[in-house]
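>>> What would the 3D arrangement of this be:
(chains A, B, C and D)
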2 protein chains.
Amino acid sequence: MAITIRDVAKKAGVAPSTVSRVVANSPSISEKTKKKVRQVMDELNYYPNVNAQGLASSRSKTFGLILPPATDAFYQNPFFPTVLRGINYSMSKNDYSILLSAGQTQEQRLNHLKKIVYGKQVEGLIFLYASKEDPLLTFAQEVGCPSVVIGTPESTKVNFVDNDNETLGYLATRYLINEGSKKIAYVGGDIEQFFISDRLTGYKKALKENNLEVKEEAIFNDFMFLPLDGYDLIMNNNQFKNFDAIVIADELVANGMRQALNEKKWSHIRTISFSAYKHLLDNLMPGQAYVNLNSHLLGSRAVDILFDVIKEANSKNKRFMNEYVEGELVT
Amino acid sequence: MAITIRDVAKKAGVAPSTVSRVVANSPSISEKTKKKVRQVMDELNYYPNVNAQGLASSRSKTFGLILPPATDAFYQNPFFPTVLRGINYSMSKNDYSILLSAGQTQEQRLNHLKKIVYGKQVEGLIFLYASKEDPLLTFAQEVGCPSVVIGTPESTKVNFVDNDNETLGYLATRYLINEGSKKIAYVGGDIEQFFISDRLTGYKKALKENNLEVKEEAIFNDFMFLPLDGYDLIMNNNQFKNFDAIVIADELVANGMRQALNEKKWSHIRTISFSAYKHLLDNLMPGQAYVNLNSHLLGSRAVDILFDVIKEANSKNKRFMNEYVEGELVT
DNA sequence: CTGAAAGCGCTTACAG
DNA sequence: CTGAAAGCGCTTACAG
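Residues are numbered from 1 along each chain as shown, chains lettered A, B, ... in the order given. Model (predicted):
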């Protein structure tokens, strides 16, 4: 029914294999032939059947995007759409498509992944998160499916792209110190996420460098990642008023904390947080400093890395790429 | 290299066609045979090649998800991730996957769509937006690709799922009236989006029903959809202080407006807005009323509708489904 | 630089 | 209820 490669071949007076080579833009075909074939493709409105291509070449021209286990926190965090925008941006430059992983439970998620990997529906994988002992990432590594993680995974035998969270934690803390703060608290979040502890490391470094004491009771690493968690943290802990600044590792938590600080009228407490993108205004008070993570770059670089990995797949030695995306202090 | 249907067939002592039927769970195969074949599939860790399936059956088992032209506003709006979560939820129940559309410019977007539709990579399409004279939707209709729009499209010859925006606009406005407000403004947003004008219709209805005058100067339908737009609207228009309430059609705009109202200390002005999901706390002040749009249902119902449409595709008459998802006033 | 031919791994009438 | 066979629309050594 649809136009096939044979139709094009016939009308152009060449063999189907030649048309195939034109589609692939093979250098072994003369420009003259290419021109002619392409014209016919246009006339006939020919589009190659992706399934046939995938079957014959075992290259499906699509990457899988692995979403984390569905939690409100993740989907609500601006990190997610921002990274996605970056991915989409890089995809447009190629002919590749993105397939979303599906599944609610851990088991469903793994099953779906197996289906699309073993089923040759994807050539590579982008993990939108890094967490400890992730069975999906383990699977990808075992079967040797080219993968790149957004975030910092525990294993170093993986490609990944991330912010330099230690440096950013350091920058954020130093900013507060420079502004005159001396009693600075640190509020983490989901400890499963490595970036939390890296930012903490930077926080400690900045304190030490400025001869400020690192106190365990100033570090709040409870398990939380929603605005309400941050809100409650302030509302239920009067001791917070003794601090003069807070580094808040998670943006949503920061929103809740700021609201609570407002209500408590503790305006002597400075805060700084990390944001997926450059704010115009959003929920930040004018003059509120923050660290711009440039998360969209995480997405677009991840795609680029995956292409590189696949290109290099023939080389004998295993080599892994990791890249740190620049962030910046916005004041 | 990988395990194929022939390997399974050989080991199970049946024909490949039988294995194929077992995979499809065809009712014409005896339970006994199914059991045996399935066991072998497990032993061999067999997964069907999706490309081959797609080529032979021209059913790719994947839907395309059409993202709107990349604007910050869309990606930052909680609507997007919330709907996506709903889609993901409904997908898990089936064996289908979601392919993301790509492309920055309108032209790239259309080209990518053609590639995946003509290339038989998708069986159906979910449009994550409804806008006027959308060339992508037009294309889908012309080629008869099963589609469902999230939002209300201009043409009625499309399947779609949406909130009942007129009713919700009415509910929101009536709430303000019941609270004692008499001079109520309406702030729209991107007029290209139909839901904006539907909510306006509901607003007008509520006013009339309560013998309140509908004044043109109380209706702000400028082109805006970012927090900063809302912020500026308040900051630059002192006349706003003459209102005692505002219905705000867009959540991001509402955030900016509330911040500006705060700064102006115009605490006599009530606001109500529409939110993609049920808030725990987020950026809303405690006690702030809003309309919960249940956007995740938009996503999950869209998927369900698409399955129905495809199932019915054989029927002679063209029939279109549209469904209105319930929202609720949260006070 | 181009073509003929085999093959990728399935599905599906058709026949029994 | 099951099998043999044709075919889906490409790609890619191989030969020239």
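>>> Tell me if residue A:177 really is in a helix.
Yes: counting by DSSP: H, G, I helix; E, B strand; the rest coil, residue A:177 is located in a helix.
>>> pretty sure it contacts residue A:171?
No: the pair residue A:177 / residue A:171 is not scored as a contact, 10.7 Å apart, by CB atoms under 8 Å. Glycine gets a C-beta too; all of them are placed from N, C-alpha and C.
>>> Give me the number of neighbouring residues for residue A:17.
By other CB atoms under 10 Å in any protein chain shown, the residues close to residue A:17 number 10.
>>> Model confidence score at it, please.
Looking at residue A:17, its pLDDT reads 94.
>>> which SSE is it in?
Assigned by DSSP states H and E, residue A:17 falls within helix A:16-23.
>>> for that helix, packing partners?
helix A:5-12, helix A:31-44 (3 or more CB pairs under 8 Å, 6 or more residues apart in numbering or on different chains; DSSP states H and E).
>>> Where does pLDDT dip in chain A?
Chain A contains residues with pLDDT under 70 at A:1, A:71-73, A:190-193, A:223, A:280-287, A:313-317.
>>> closest to DNA strand D out of the helices and strands packed on helix A:16-23?
helix A:5-12 (2.9 Å; CB to the nearest atom of the strand).
>>> Which residues belonging to stretch A:171-185 are considered buried?
Going by neighbour count (16 or more other CB atoms under 10 Å in any protein chain shown), the buried part of stretch A:171-185 is A:171, A:172, A:173, A:174, A:175, A:176, A:177, A:181, A:184, A:185.
>>> ugh, wrong one, stretch A:267-275
Buried-residue list, stretch A:267-275, by 16+ other CB under 10 Å: A:269, A:270, A:271, A:272, A:273, A:274, A:275.
>>> one step back: for the buried residues of stretch A:171-185, which one is nearest residue A:80?
Minimum distance to residue A:80 across the buried residues of stretch A:171-185 is 21.7 Å, recorded for residue A:172 (CB to CB).
>>> Give me the distance between the residue lying closest to the closest one once chain neighbours are set aside and residue A:162.
Spatial nearest neighbour of residue A:172, excluding adjacent residues (CB to CB, 6 or more residues apart in numbering or on different chains): residue A:272 at 4.8 Å. Residue A:272 is 20 Å from residue A:162, where distance means CB to CB, to the nearest Å.
>>> Please identify the residues of chain A in proximity to DNA strand C?
Within chain A, the positions near DNA strand C by CB under 7 Å from any atom of the strand are A:13-18, A:21, A:27-30, A:32-33, A:52, A:55-56.
>>> Quick check on those residues: which are buried?
Here the buried ones among the residues of chain A next to DNA strand C, as counted with 16+ other CB under 10 Å, turn out to be A:14, A:18, A:21, A:29, A:33, A:52, A:55.
>>> quick one: which of the residues you listed is nearest residue A:235?
Nearest member of these to residue A:235, counting by CB to CB, is residue A:55, at 59.3 Å.
>>> hang on, that closest one in a helix?
Yes: assessed with three-state DSSP, residue A:55 lies in a helix.
>>> Now do the contacts for it.
B:49, B:51, B:52, B:55 (CB atoms under 8 Å, 6 or more residues apart in numbering or on different chains).
>>> same question, residue A:62
Neighbours of residue A:62 in contact, by CB under 8 Å, 6+ apart: A:96, A:97, A:98, A:99, A:121, A:122, A:123, B:99, B:121.
>>> how about the strands of the stretch 1-150 of chain A, start to end?
For the stretch 1-150 of chain A, strands defined by DSSP state E, counting those that start in this stretch occupy the ranges A:62-66, A:97-100, A:124-127, A:147-150.
>>> got CSV for those strands, with distance to DNA strand D too?
Shown next, in CSV, are those (distance: least, CB to the nearest atom of the strand, whole Å):
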stretch, distance to DNA strand D
strand A:62-66, 14
strand A:97-100, 15
strand A:124-127, 16
strand A:147-150, 22
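>>> ok, residue A:111 touching residue A:103?
Yes: using CB under 8 Å, residue A:111 is in contact with residue A:103, at 6.9 Å.
>>> Mind checking which of these two has more residues around it?
residue A:103 (22 against 16).
>>> any idea how far that one lies from residue B:98?
When residue A:103 is compared with residue B:98 (using CB to CB), they lie 12 Å apart.
>>> joint contacts of the two?
By CB under 8 Å, 6+ apart, the residues touching both residue A:103 and residue B:98 are residue B:88.
>>> Nearest to chain B among the residues of chain A next to DNA strand C?
Nearest to chain B among these: residue A:55, at 4.2 Å, using CB to the nearest CB.
>>> ok, and the closest non-adjacent residue to the closest one?
Nearest non-adjacent residue to residue A:55 (CB to CB, 6+ apart): residue B:51, at 4.2 Å.
>>> near DNA strand D, which residues of chain A?
A:1-6, A:16-17, A:20-21, A:23-24, A:46, A:48-49, A:52-53, A:55-57, A:59.
>>> The residue nearest to residue A:172 falls within a strand, correct?
Yes: assignment of residue A:272 by three-state DSSP places it within a strand.
>>> Now do it against DNA strand D, distance only.
Distance, residue A:272 to DNA strand D, by CB to the nearest atom of the strand, to the nearest Å: 52 Å.
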